[in-house]
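> Let me see the structure of the following:
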Amino acid sequence: MHDRSTLAELRIDRFLRERLAANIHRATAPLRVEVWEAPGEPVAFAEAAAAEFVEFETGREWGRPWGTTWLRVRGEVPASWRRPDGTLLDGTRAELVVDLGFTSGQVGFQSEAMVWTTDGRPVRGIAPFNNVVTEAVDADGRIDVFIEAASNPDVGSLFTFEPTPLGDPATAGTAHLYRLRQVDVALRDLEVAALRADTVALRGLAAELDASSPRRAEILAGLEAMIDAVDPDDVAGTAATGRAVLAPLLARGAHASAHTLHAVGHAHIDSAWLWPVRETARKVARTFSNVLSLMDEDPDFVFASSSAQQFAWIKQFYPDLFARIVERVREGRFIPVGSMWVESDTNMPGGEALARQFVAGKGFFQREFGVDTLEVWLPDSFGYTGALPQIAKAAGAQWFLTQKISWNETNRMPHHTFQWEGIDGTRLFTHFPPVDKYNSDVSAADLAHAERNYADKGRGTVSLLPYGFGDGGGGPTREMTAAIARAASLEGSPRTVHSTPHRFFETAEAEYPHPEVWAGELYLEFHRGTYTSQLPTKQGNRRSEHLLREAELWATTASVHTGTAYPAERLERLWQTVLLQQFHDILPGSSIAWVHRDAERNYAAVARELEEIIADSLRAIAGTGENRLSVNAAPHARAGAPALGAAPASLPRAVPPVADGDGWVLDNGIVRARIDGRGLVTSLIDITSGREAVAPGAVAGLPQLHRDTPTQWDAWDIDAHYRHHVTDLDGVESIEVDHDVIVVSRAFGSSRLVERIRLEEGSRVVSFDLDLDWHEKQKLLKFAFPLDIHTHTATSEIQFGHIERPIHTNTSWDAARFETVAHRWVRVAEPDFGVAIVNDSTYGHDITRQARDGGGTVTVARLSLVRGALFPDPTQDQGHHRLFVGIAVGADVEAAVREGYRANLPVRTIEAAATEIAPLVAVDHAGVIVEAVKLAEDGSGDVVVRLYEALGRRATARVTLGFATATVVQTDLLEREIAATALEGAEAERVSLRLRPFEIVTLRVRRSTPGQ
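Below is the predicted model:
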């Protein structure tokens, strides 16, 4: 038989476009439109409804960038659409159709709107491909609604990565962006819509089947027979006949061995990205209202949504909508997932901050919905720390989901369902949806890809299918749920069933109880520039985390010792701000300028308020007087003060530089450093061992400037080819000694770098205080330390511990890991000697091996200080920055941990009446770190202490509590009592602990009251 399949496909596609899609609506009628443009930021419904509206017609331009235009829409269903009794014609439904002037850009990246009733209830969102509103037509056929239209600019949804001024209101301009295209009441033909869904399902399936497949030939023949059966001049009248032709093809069930997809409605809504945080709250409302509307239409539809912050916005700004969500949550159809405050980055938040993501997120879901979320839901974050399995399990989570690792540039993960083992040995059941996206449209192509791609065939048979428009919101549509209905059991396709995350994970665990294990971090071979982009945002996060630690410690100490009221509500609000800004497009530096300017202002406000709390707490503890105290919030004693306490001030002094030829020597009896006339470290000796740390023939503390032109995703990516071009910034504009500090000034391009180099008495750290005025574009500034150390690995601090990574390039996995993340320190070492590099600001590092003059290899450790990407913020990082970098010579891991805290928790000096502040908590083991001291979340007044083992060794430690105690129990992160796995005993105010390597332990201490 002749092969006419190509012609058949062309015929079917044209029929879909010209006959079915064009006849979904039997008729349309225009409605009356009036408008009012809000003069500035969005306003509440009541203000808009009371405004003076003016007549407006379709075809006219509207909407300045980031503006809000309110439409009043009124009219009624034409009489010709009704039968004599007033009801609509059989097989039809009246609905409002709005086209705001949608562009070819993606859903969620352009204009969108919310429909409101005249009494102020949100009804439904409007966006491309989801722009019909049935609820706008009342039972009598009348339409009278308000439409809150957001003229959000499309800031690059086509991802050509061109610089744009649209990401900042100050540069976006005022020209109208959109032209109102349609505001009609339309008569939907339900049978034609169903025929279109049938045809789309079968046509898509045929495209995925092998050309030699009998099933494919059968489908194409059946679709052509359907076209023959439908009268092109009377599609509505013959659609039922066409559906009857296709019914046998749709009735053929899936193969017994077919993969099963658990379809979960989803709308990945970035809490900020190419739009500001304030717009995200409106996006969430539009999306959630769409979801509730779809639930009214389809009783099988289920929707899962993460991020407690987004639910909190709905509760705050849309209480009617929130009440409806609560009801659907009770039904089990609107599913809170994810356990976290936001879908955060996991590489850069500190350990306590990552724990608080779960405390805040799970706490909100429990209080508001009575739901204990069991999964971690992070489909789009840029890699996953090896500390996450333990943190998640400690919060009561059982499962983890992401798909982001499918974005790897080089290597493909070998599993889709597996056990993920963290740095402490904790294992977390993990699933990567093989559809390789979090916003499937339930196309046949997506379903087929998920089945083909699934890596665990023969062991597992199920995977999760998250579907719905995402990133900018929107969520599932009726067309998507129609596709699920047709793919429930369809020959040639995987089974597709409505499900929930909980049901999926239980099914997957039951059928695959002993999956393969992946140990260590889930490193994303992509978006490596996010460890460095938007330095002020990263500095704000780092400083806020440490200020929060201080504020909680001293507020708890004040409460316990003096009865001062604990500022729980203030601390919770401040934590929520910091947690929000750890969202995976804010902290990584990949958002528009507006987002980062807001973040910087927020961090400044957080710092001011936390400084107030700290000052007030210390005043309550120590009073005001003439005694000068060193106040130490770090977990190690220093400056004469005990860990977590205060003592008479004894601040270290810098040693004076001694002239030596064209340079200077810094020598404190522990470390001897030579700085040459270029301000570079030519020698760095550990005096006790005599070891030279600087590689032969090299210099340390060397700024290096690279060309930084990623292939794509500017702010996100550092590509390996950046190394092809490097300039050593070894020239000096001036160099001088200022008191006990060597001051080096360098000018390059349009920028200037001033380094202040010093060495303190009693310290093994040579310090570099960097003052950078940065005005380079598409450049990357690194700070290099070539070290005379032969090693195959480097150790980097992460949350609640550290990770060792290979620095050779033996495998493609090693070669792809050319830029890595670390928190306060990295360390490279031989068995008897190590060097640590500490910082207070940045996260990006690269650590490599090079041939050594005279034989062997040396290690080059570099910090990535600042970048100058052009998209999405063309002004990224321009301006003034201050950073600290230190190099600790002869440092073991214990010293690296100690110096990391020292760099980020400076000693405070206060004038007090007291002569000391006794620590509330003391630990007798240097490797067991107190990470948090706070009062319990439930307001009971119990003291909560969180500790972890930092050295990667088993540890036995005694914790001494500086207050009278009644009971001590071990808890999870949510402060719920658990089995005492690490708590060996508590006697009076002494607690005995036995910890695994990197184990996190939370203790809850009930204070004794008089008479106990």
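
> Show me where the stretch 851-1000 of the chain has its strands.
Taking DSSP state E, counting those that start in this stretch to define them, one finds strands in the stretch 851-1000 of the chain at 857-867, 879-889, 908-912, 921-923, 928-935, 943-949, 955-961, 965-971, 983-987, 990-995, 1000-1007.

> Point to the residue nearest the middle of the chain.
residue 584 (2.3 Å; C-alpha atoms, centre = their mean).

> Surely it and residue 347 touch.
No: under the criterion of C-beta atoms under 8 Å, residue 584 is not in contact with residue 347, lying 9.3 Å apart. All C-beta atoms are positioned from the backbone trio N, CA, C, and that covers glycine.

> joint contacts of the two?
When contacts are counted by C-beta atoms under 8 Å, 6 or more residues apart in numbering, the set common to residue 584 and residue 347 consists of residue 382.

> residue contacts, residue 669?
Neighbour list for residue 669: residue 687 [criterion: C-beta under 8 Å, 6+ apart].

> which stretches of the stretch 301-450 of the chain form helices?
Remark: helices assigned in the stretch 301-450 of the chain by DSSP state H, counting those that start in this stretch are 308-317, 319-331, 351-369, 388-394, 444-453.

> ok, and the closest non-adjacent residue to residue 729?
Computed as C-beta to C-beta, 6 or more residues apart in numbering, the closest residue to residue 729 that is not its neighbour in sequence is residue 703, at 4.0 Å.

> For residue 248, which of the helices of the stretch 301-450 of the chain is the nearest?
helix 444-453 (18.4 Å; C-beta to C-beta).

> helices and strands around whichever helix or strand comes after that closest one, which ones?
Later in the chain than helix 444-453, the nearest helix or strand by DSSP states H and E is strand 462-467. Packed against strand 462-467 by the contact rule (3 or more C-beta pairs under 8 Å, 6 or more residues apart in numbering; DSSP states H and E) you find strand 260-265, helix 444-453, helix 501-511.

> Give me the mean pLDDT for strand 462-467.
In this model, strand 462-467 carries a mean pLDDT of 98.

> heads up, I number from 57, so please use that
Okay, residue one is now 57; in that scheme the one you just asked about reads as strand 518-523.

> And that strand, how far out from the chain middle?
21 Å (C-alpha atoms, centre = their mean, to the nearest Å).

> Okay, buried residues for that strand please.
518-523 (16 or more other C-beta atoms under 10 Å).

> SS state for the nearest residue to residue 787 once chain neighbours are set aside?
Using C-beta to C-beta, 6+ apart and skipping residues adjacent in sequence, the residue nearest residue 787 is residue 802, 6.4 Å away. Of the three states, residue 802 takes strand according to DSSP: H, G, I helix; E, B strand; the rest coil.

> Now do the helices in the stretch 157-306 of the chain.
Assigned by DSSP H, counting those that start in this stretch, the helices in the stretch 157-306 of the chain fall at 246-264, 270-285, 291-307.

> cool, the stretch 557-706 of the chain as well?
Listed in chain order, the helices of the stretch 557-706 of the chain (DSSP H, counting those that start in this stretch) span 557-567, 591-618, 624-636, 649-678.

> for the first one, what is the average pLDDT?
Just to be clear, that refers to helix 557-567. The average pLDDT within helix 557-567 is 98.

> got the contact list for the worst-scoring helix or strand of the chain on mean pLDDT?
Lowest by mean pLDDT, DSSP states H and E among the helices and strands of the chain is strand 1039-1043, with a mean of 93. With contacts defined as C-beta under 8 Å, 6+ apart, strand 1039-1043 is touched by 1021, 1023-1026, 1047-1050, 1057, 1059.

> follow-up on the earlier one: from the helices and strands packed on strand 518-523, pick the one with the highest average neighbour count.
strand 316-321 (a mean of 27; mean count of other C-beta atoms under 10 Å).

> quick one, it and strand 518-523 angle?
Counting by axes from the mean of the first three to the mean of the last three C-alpha atoms, to 10 degrees, strand 316-321 lies at 30 degrees to strand 518-523.

> chain center to strand 316-321: distance?
The chain centre lies 23 Å from the centre of strand 316-321; the measure is C-alpha atoms, centre = their mean.

> Show me what it packs onto, helices and strands only.
strand 359-361, helix 500-509, strand 518-523, helix 534-542, strand 551-554, helix 557-567.

> Same list (the ones you listed) but as TSV, adding distance to residue 412.
What follows is the helices and strands packed on strand 316-321, written out as TSV (distance: least, C-beta to C-beta, whole Å):
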stretch	distance to residue 412
strand 359-361	21
helix 500-509	35
strand 518-523	26
helix 534-542	35
strand 551-554	34
helix 557-567	23
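
> Check which residues of whatever helix or strand residue 341 lives in are buried.
Assigned by DSSP H and E, residue 341 belongs to helix 333-353. Neighbour-count burial for helix 333-353, counted by 16+ other C-beta under 10 Å, picks out 333, 335-351.

> Which residues are in contact with the closest residue in space to residue 228 that isn't next to it in sequence?
Leaving aside its sequence neighbours, residue 228 sits nearest to residue 121 (C-beta to C-beta, 6+ apart; 3.8 Å). Counting by C-beta under 8 Å, 6+ apart, residue 121 touches 207-209, 222, 225, 228-231, 233.

> Now, of these, which are buried?
Of the contacts of residue 121, these count as buried by 16+ other C-beta under 10 Å: 207-209, 222, 225, 228, 233.

> so which of those comes closest to residue 97?
Closest to residue 97, out of all of these and judged by C-beta to C-beta, is residue 225, at 9.5 Å.

> any idea of the pLDDT on the closest one?
At residue 225, pLDDT is 96.

> cool, and the one 4 residues further on?
Residue 229 is assigned a predicted lDDT (pLDDT) of 96.

> before we move on, could you check phi and psi at it?
Dihedral pair for residue 229: phi 80, psi -180, per degrees, to the nearest 10.

> just to revisit the earlier point, for the least confident helix or strand of the chain, buried residues please.
Within strand 1039-1043, the residues that count as buried by 16+ other C-beta under 10 Å are 1039, 1042.

> now swap in stretch 422-438 and tell me
Within stretch 422-438, the residues that qualify as buried are 424-425, 427, 429-438, counting by 16+ other C-beta under 10 Å.

> start to end distance for that stretch?
Stretch 422-438 has an end-to-end distance of 28 Å (criterion: C-alpha to C-alpha, to the nearest Å).

> mean confidence score for it?
Across stretch 422-438, the average pLDDT comes to 98.

> again, but for stretch 60-74
Per-residue pLDDT values over stretch 60-74 give a mean of 96.

> now do stretch 445-456
For stretch 445-456, mean pLDDT is 98.

> ditto for stretch 332-340
According to the model, stretch 332-340 has a mean pLDDT of 98.

> partner residues bridging residue 837?
residue 761, residue 922 (DSSP bridges).

> From residue 732, how far off is it?
Using C-beta to C-beta, to the nearest Å, residue 837 is found at 21 Å from residue 732.

> neighbour-wise, which of these two wins?
residue 837 (27 against 18; other C-beta atoms under 10 Å).

> which residues does that one contact?
Counted by C-beta under 8 Å, 6+ apart, residue 837 has contacts 759-762, 828, 830, 920-923.
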